[in-house]
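In: no sequence on this one, just coordinates:
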């Protein structure tokens, strides 16, 4: 029998349809989505036998649905997460319902269902997106990217102007969302290392705009619940605690080209809890001899007072405690370029010379620039041209299951001579000079994307050349203490076996006890041709791929500029060869491992 063709019943007659069309004629897409939610709530209430009147509960439910805001952050070092958390608390206090989520924990396909999204996106290294943001970026820039006309958004881009591709991730997200039809709530704001200077004003603007758009009413302050319970005792970046230095031991040979220290710090009880994979943030003052040299080169008096944004300190205090003098900042080069008769600096700032500028930022310090391009400075101009001082983050090289109330660090000391003058790292050199029993100011920087598998049966592959091996010492300690039955494979790299094999005794002892299943090493300068960790991965590609196929978790820690991309390329080649996959399929394989949290990187 032929199917009977019927015409769907239209629930409204012509008069009601016309009245409804007139009612919504001047509403924009955001308002229409709110009406849709309101009607859905009303239908649900009546389906349950509720009254036909429009109840206040229904209206309130629709209002709350309309006030939901996605706060999505992509953060590599924690700055983006901190700003996003602060924004979430502010939105909540303003009567809205923020959903705070890391980009790596968010399903990109869900973006097509969102009405309001606020993105805080960091740029890692020279234009790289944080690992957390890779899936989101691939989705938005892929061939199947959805239209997003229903979405209103705002972007805060974080970066470091020392890199030519400043704030590239945030810029790309902002432009792409607009291309896909989304509507900007406000213009994107790009933040340099001094995040708070611009982020606070942007945050206030976003809260005001979203509150207006959603029609949210401010709740009584007594019922505002923070997104995270307040912890009055835990140390933070803004409120670090003093930790005592227990051990300061050089673990490279005296004849080594590098001075690497093993530091052990005693933690105050309940103030600095951490998991393997987290970092310890350390605040230190700048080296006194470097501050003196800056004052000498600028011919300025360190006792003169400088007031910025209502804060007053002597110039010496600004340079010692509040401004970077061992790391260059783009504003300093721009200031010198505008005042110096030399054309070098202007050429450095041209996009075509990005590689030259990148090398300058890597190898020069503030004193090098001041010495090479002398101009007349005022105290205020100098302070404004320098970046605010930042804490240094070090991967923790221990597990509390093994060391108790301690945190161990593996620190490569920056101490070299340039043009006959000694140069120091702001934190590493001072940590190396620190006497036993003295204290430093510290806090924990969580790294939730760099965690051991919860299943102790899972195998673990750890790739860490140089000081990149630090977190894997903590990984192995934790796995041994927990009785994990999965296998452990370490791939370590250095320059020379005799002088640079960090924690050699510990690794070999673990290997002898079968606590470490495999140990592959690559010492680049022990033979005529250089051998790196990525070469060992290719050599052992068949076994590596078998481990991955059997469910192993893969971790990489260390240099972001050369090592991490080279290792990633080697992994692609291993998967292509031993998994018989195309380049595209191998890339998808690694992307899936990342999404499953089985491929994690802590690179810097």
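Out: Cool, the structure landed. Keep in mind that what you see is a predicted model, and the values were worked out from it rather than measured.

In: going forward, measure contacts between C-alpha atoms and count neighbours the same way
Out: OK.

In: care to break this protein down by domain?
Out: Taking automatic domain parsing as the reference, the chain has its domains at 23-63, 67-221, 241-285+391-445, 288-385, 460-603.

In: avg pLDDT for the second one?
Out: Right, the one you point to is domain 67-221. For domain 67-221, mean pLDDT is 90.

In: ok, now the third one?
Out: Within the predicted structure, the mean pLDDT of domain 241-285+391-445 is 95.

In: can you give me the end-to-end distance of that domain?
Out: Start and end residues of domain 241-285+391-445 are separated by 13 Å (C-alpha to C-alpha, to the nearest Å).

In: can you put the domains of the chain in a markdown table and add distance to residue 454 and mean neighbour count?
Out: Conversion of the domains of the chain to a markdown table gives the following (distance: least, C-alpha to C-alpha, whole Å; neighbours: other C-alpha atoms under 10 Å):
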| stretch | distance to residue 454 | mean neighbour count |
| --- | --- | --- |
| domain 23-63 | 38 | 14 |
| domain 67-221 | 17 | 20 |
| domain 241-285+391-445 | 12 | 19 |
| domain 288-385 | 38 | 16 |
| domain 460-603 | 10 | 18 |
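
In: turn those into JSON lines, including distance to residue 235.
Out: Formatted as JSON lines, the domains of the chain follow (distance: least, C-alpha to C-alpha, whole Å):
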{"stretch": "domain 23-63", "distance to residue 235": "38"}
{"stretch": "domain 67-221", "distance to residue 235": "14"}
{"stretch": "domain 241-285+391-445", "distance to residue 235": "5"}
{"stretch": "domain 288-385", "distance to residue 235": "19"}
{"stretch": "domain 460-603", "distance to residue 235": "21"}
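
In: what about the strands in the stretch 451-600 of the chain?
Out: Counting by DSSP state E, counting those that start in this stretch, the stretch 451-600 of the chain has these strands, from start to end: 460-463, 488-494, 518-523, 553-558, 599-603.

In: export those to CSV and tack on mean pLDDT?
Out: Shown next, in CSV, are these (pLDDT from 0 to 100):
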stretch, mean pLDDT
strand 460-463, 98
strand 488-494, 98
strand 518-523, 98
strand 553-558, 97
strand 599-603, 95
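
In: looking at the ones you listed, spot the one closest to residue 451.
Out: strand 599-603 (8.2 Å; C-alpha to C-alpha).

In: the closest one: how far from the chain's middle?
Out: Here strand 599-603 shows a centroid-to-chain-centroid distance of 11 Å under the convention C-alpha atoms, centre = their mean, to the nearest Å.

In: who are the packing partners of that strand?
Out: When contacts are defined as 3 or more C-alpha pairs under 8 Å, 6 or more residues apart in numbering; DSSP states H and E, strand 599-603 sits against strand 553-558, helix 583-595.

In: ok, now with 10 Å
Out: With contacts taken as 3 or more C-alpha pairs under 10 Å, 6 or more residues apart in numbering; DSSP states H and E, strand 599-603 sits against strand 460-463, strand 553-558, helix 563-578, helix 583-595.

In: indicate which one of these is closest to residue 148.
Out: Checked against C-alpha to C-alpha, the stretch from these lying closest is helix 583-595, at 23.2 Å.

In: what sits up against the closest one?
Out: By C-alpha atoms under 10 Å, 6 or more residues apart in numbering, the residues outside helix 583-595 that reach it are 104-107, 131-132, 134-135, 138, 449, 548, 551-554, 568-569, 571-577, 579-582, 596-601.

In: what strands flank the longest strand along the chain, and is each parallel or antiparallel?
Out: If you go by DSSP state E, the chain has its longest strand at strand 241-250. Here strand 241-250 is paired, per DSSP bridges, with strand 260-266 (antiparallel), strand 439-445 (antiparallel).

In: for residue 474, find the nearest of those strands.
Out: strand 260-266 (12.8 Å).

In: now the element after that closest one, going C-ward?
Out: Heading C-terminal from strand 260-266, the first helix or strand you meet, by DSSP states H and E, is strand 279-283.

In: what strands line up against that next one, and which way round?
Out: By DSSP bridges, strand 279-283 pairs with strand 392-395 (antiparallel), strand 439-445 (antiparallel).

In: after it, which helix or strand is next?
Out: Past strand 279-283, the next helix or strand by DSSP H and E is helix 288-298.

In: coming back round to it: dump the strands of the stretch 451-600 of the chain to TSV, plus distance to residue 207.
Out: Shown next, in TSV, are these (distance: least, C-alpha to C-alpha, whole Å):
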stretch	distance to residue 207
strand 460-463	43
strand 488-494	47
strand 518-523	52
strand 553-558	37
strand 599-603	33
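
In: out of these, which comes closest to residue 99?
Out: Comparing the strands of the stretch 451-600 of the chain by C-alpha to C-alpha, strand 599-603 comes nearest, at 24.4 Å.

In: how about JSON lines for the strands paired with strand 241-250, with distance to residue 179 added?
Out: Shown next, in JSON lines, are the strands paired with strand 241-250 (distance: least, C-alpha to C-alpha, whole Å):
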{"stretch": "strand 260-266", "distance to residue 179": "48"}
{"stretch": "strand 439-445", "distance to residue 179": "35"}
